[in-house]
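Visitor: next comes the sequence, and after it the predicted model I'd like to discuss.
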Amino acid sequence: DSAHIVYRGTTPVLISRGTGRHLEFSVSPDDRDMARILEVLHHFLDRAFNPRRRLQIETINREAAADSPYLAPLRSFFDLTVDFNRISLYRRVS
């Protein structure tokens, strides 16, 4: 299972496991750098080789993703659907 870690300086601010299935933030949902922090998720959807059609997120900070306070910032940067306890992120279509 893969992990991607986003740092601010030397401090990890986001750990993504399982290609985004499990996210762990160490910053608040209204952090001023949220756009930059979420770039790793954009990478999964926008990369040139084998981009994902969607990311299914099951947990955020070890709780059901559908109940997370991080839904608001995620919704700001992605098209998002809630399905029971998990969420799906899609590349935003302009």
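Guide: Cool, the structure landed. Numbers count the residues shown, from 1 in each chain.
Visitor: centroid residue for the protein?
Guide: Nearest to the mean C-alpha position of the chain, counting by Cα atoms, centre = their mean, stands L41 at 5.2 Å.
Visitor: now that one, what's its secondary structure?
Guide: What DSSP: H, G, I helix; E, B strand; the rest coil gives for L41 is helix.
Visitor: what's the spacing between it and F49?
Guide: 17 Å (Cβ to Cβ, to the nearest Å). All C-beta atoms are positioned from the backbone trio N, CA, C, and that covers glycine.
Visitor: again, but for I5
Guide: Separation of I5 from F49 (Cβ to Cβ): 21 Å.
Visitor: my guess is R62 contacts L23, does it?
Guide: No - under the criterion of Cβ atoms under 8 Å, R62 makes no contact with L23, lying 9.7 Å away.
Visitor: what about the helices in this protein?
Guide: Counting by DSSP state H, the chain has helices at residues 34-37, 39-46, 71-77.
Visitor: just send those helices back as TSV, with mean pLDDT too.
Guide: As requested, the helices of the chain are exported to TSV (pLDDT from 0 to 100):
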stretch	mean pLDDT
helix 34-37	96
helix 39-46	92
helix 71-77	94
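Visitor: thank you kindly, that will do.
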